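Asks: attaching a predicted model along with its sequence, questions to come.
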Amino acid sequence: MSQEVMIVAGEASGDLHGAHLIKSLQNLNPDLSFYGMGGLEISRTGAEILFEASKISVVGLFEVISHLKDILTAQRKLRKRLTDSKPSLLIIIDFPDFNLWLARKAKKLGIPVFYYISPQVWAWRAGRVKTIAHLVDKIGVILPFEEQFYRARGVNATYVGHPLLDSVTTSQTREEYCSSQNLPESDRLIGILPGSRVKEVSRLLPVFLEAALKLQEKCEEKLLFLIACASTLTQEDLLNNGVREYQDRLNLKIVSDERYNMMAASDIVIAASGTVTLELLLLNTPMVVAYKLSPRTYRLGKLLVKVKYFSLVNLIAESPIVPELLQDDANPERISNELFKLMYDENEKKLIQKGFQQVKEKLGEKGASDRAAQLALSCIAPRNKQ
């Protein structure tokens with residue numbers, strides 16, 4: 001007999017990890033059917049998309065307010081389906097404020113909840129741990145220190161490993177990639193990864209492009225800048241946020257596919273903080289990490305956030321493996337200086353590569369999606385025995 005599962009992801013990385021989780025669940029139980037909120041990756045699994053995640057994928061309290069209408073619409077649609085269909089399981093992926101709101105409804109309806117990829121409560125708003133313990137049956141965490149943190153606070157948490165270990169692969173060498181994209185192998189390739197949300201791109205891409213211009217001015221050799229276009233963005237989003245202005249001043253190419261091949265082929269990368277930093281680490285690509293929030297969100301965050309680093313690479317390493325520049329420090333001059341150092345300082349590169357290896361060892365082994373799927377299915381079982 002077919003069983004229904006609602007799955008809810010709110011951003012590009014959650015969409016990717018959710019898709020891999022669905023595939024693992026389908027392998028374990030082909031009778032499961034899926035619907036919920038996500039993007040292109042989840043839709044490709046055959047899941048029914050009730051609401052497109054990109055409409056509400058924002059960062060920061062004040063940014064959320066401007067998208068409140070869409071957020072409320074998404075909640076209404078998902079809550080109605082929960083009530084009408086009463087699925088066997090609700091799977092929520094990261095995106096805590098939205099997802100815990102939905103989990104509260106599921107709890108009232110007696111629907112078990114599996115949380116995959118927890119919010120970073122160890123960094124800020126630790127009070128949410130009590131909410132998670134009350135609303136969530138089981139949680140699959142993906143960072144090595146999170147299991148102990150949650151279990152010490154009464155949450156049924158299991159470390160499943162990081163799903164990127166399963167999904168980050170390349171299919172081409174640098175030479176093959178350059179040939180397939182008609183790129184000159186002799187040029188230095190500099191990756192520009194400005195994020196997966198339009199708001200992020202509008203804040204970061206103009207800064208990254210100005211940094212690229214300063215870097216080219218410092219270098220005698222020719223540089224080719226590859227700008228990644230996330231699946232949640234259009235090329236027009238990039239063109240409208242700086243590319244048109246700089247395309248006659250820099251050697252630029254927008255890349256919409258073969259993303260991992262592009263990242264691996266790049267000599268160095270400037271990246272927005274987020275999951276992409278771990279992807280770059282797994283591909284052994286040196287990076288400078290930068291991020292900017294709205295001034296109000298940043299001021300609030302300074303009061304609440306309790307971690308020493310903001311990039312995932314440095315957080316897991318518990319040391320400054322890669323250069324990270326936040327807010328006012330994320331300016332064109334600082335970014336270009338750090339990129340220049342990475343390009344020409346071999347000792348700096350070796351230190352980063354050594355740090356990458358240490359972080360990889362902490363991340364554990366492949367198979368996160370399969371282990372998470374087994375945990376998720378174990379949440380369904382008690383309900384079926386009633």
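Replies: Yep, it's here. Residues are numbered from 1 along each chain as shown.

Asks: which stretches of the stretch 201-350 of the chain form helices?
Replies: Here the stretch 201-350 of the chain has its helices, by DSSP state H, counting those that start in this stretch, at 235-238, 244-246, 259-265, 276-282, 295-304, 312-317, 332-344, 346-363.

Asks: buried residues, the helix or strand that the longest one is followed by. List them.
Replies: Okay, so that is helix 346-363. Remark: after helix 346-363, the chain's next helix or strand is helix 368-384, criterion DSSP states H and E. Within helix 368-384, the residues that count as buried by 16 or more other Cβ atoms under 10 Å are Ala368, Ser369, Asp370, Arg371, Ala372, Ala373, Leu375, Ala376, Leu377, Cys379, Ile380. Placement of C-beta: from N, CA and C, glycine included.

Asks: so what touches helix 368-384?
Replies: Taking contacts as Cβ atoms under 8 Å, 6 or more residues apart in numbering, the residues outside helix 368-384 that touch it are 3, 5, 17, 20-21, 23-25, 27-29, 88-89, 91, 110, 112-114, 116, 137-138, 140, 142, 158, 160-163, 165-166.

Asks: pull out the buried members of those.
Replies: Burial by neighbour count, judged by 16+ other Cβ under 10 Å, picks out 5, 17, 20-21, 23-25, 88-89, 91, 112-114, 116, 137-138, 140, 142, 158, 160-163, 165-166 from those.

Asks: next step: the residues you listed restricted to strands.
Replies: Val5, Leu89, Ile91, Val113, Phe114, Tyr116, Lys138, Gly140, Thr158 (DSSP state E).

Asks: returning to what we had before: mind putting the buried residues of helix 368-384 in CSV, distance to Pro206 included?
Replies: Formatted as CSV, these follow (distance: Cβ to Cβ, whole Å):
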residue, distance to Pro206
Ala368, 36
Ser369, 36
Asp370, 41
Arg371, 41
Ala372, 38
Ala373, 41
Leu375, 42
Ala376, 41
Leu377, 46
Cys379, 45
Ile380, 47
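
Asks: just the closest of these to Ser180, please.
Replies: Looking at the buried residues of helix 368-384 and their distance to Ser180, the nearest is Ser369, at 28.4 Å (Cβ to Cβ).

Asks: could you point out the helix or strand that follows the least confident helix or strand in the chain by mean pLDDT?
Replies: Within the chain, confidence by mean pLDDT, DSSP states H and E is lowest for helix 61-66 among all helices and strands, at a mean of 52. Using DSSP H and E, the helix or strand that directly follows helix 61-66 along the chain is helix 68-85.

Asks: avg pLDDT for that next one?
Replies: Model confidence over helix 68-85, given as mean pLDDT, is 94.

Asks: again, but for stretch 326-334
Replies: Mean pLDDT, computed over stretch 326-334, is 94.

Asks: in it, what's buried?
Replies: With burial defined by 16+ other Cβ under 10 Å, the residues of stretch 326-334 counted as buried are Leu326, Gln327, Ala330, Asn331, Pro332, Arg334.

Asks: and the two most separated of these?
Replies: Leu326 and Pro332 (14.9 Å).

Asks: distance check, Ser2 against Met37.
Replies: Look at Ser2 and Met37: by Cβ to Cβ, to the nearest Å, they are 21 Å apart.

Asks: what's the span of stretch 35-48 from first residue to last?
Replies: Stretch 35-48 stretches 4 Å from its first residue to its last (Cα to Cα, to the nearest Å).

Asks: could you check how far the helix or strand harbouring Ile132 is from the centre of its chain?
Replies: For Ile132, the host element (DSSP H and E) is helix 128-135. How far helix 128-135 lies from its chain's middle: 23 Å, per Cα atoms, centre = their mean, to the nearest Å.

Asks: follow-up on the earlier one: redo the ones in strands among the buried ones among the contacts of helix 368-384 as TSV? Include distance to Leu50 and pLDDT.
Replies: Shown next, in TSV, are those (distance: Cβ to Cβ, whole Å; pLDDT from 0 to 100):
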residue	distance to Leu50	pLDDT
Val5	13	98
Leu89	16	97
Ile91	14	98
Val113	17	98
Phe114	18	98
Tyr116	18	97
Lys138	24	97
Gly140	23	96
Thr158	28	96
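
Asks: relative to Leu233, which of those residues is nearest.
Replies: Using Cβ to Cβ, Tyr116 comes nearest to Leu233 of these, at 24.2 Å.

Asks: now do stretch 164-174: distance to the chain's middle.
Replies: 16 Å.

Asks: tell me the buried residues in it?
Replies: With burial defined by 16+ other Cβ under 10 Å, the residues of stretch 164-174 counted as buried are Leu164, Leu165, Asp166, Ser167, Val168, Thr170, Gln172, Arg174.

Asks: so the third one touches His17, yeah?
Replies: No: taking contacts as Cβ atoms under 8 Å, Asp166 lies outside contact range of His17: 9.5 Å.
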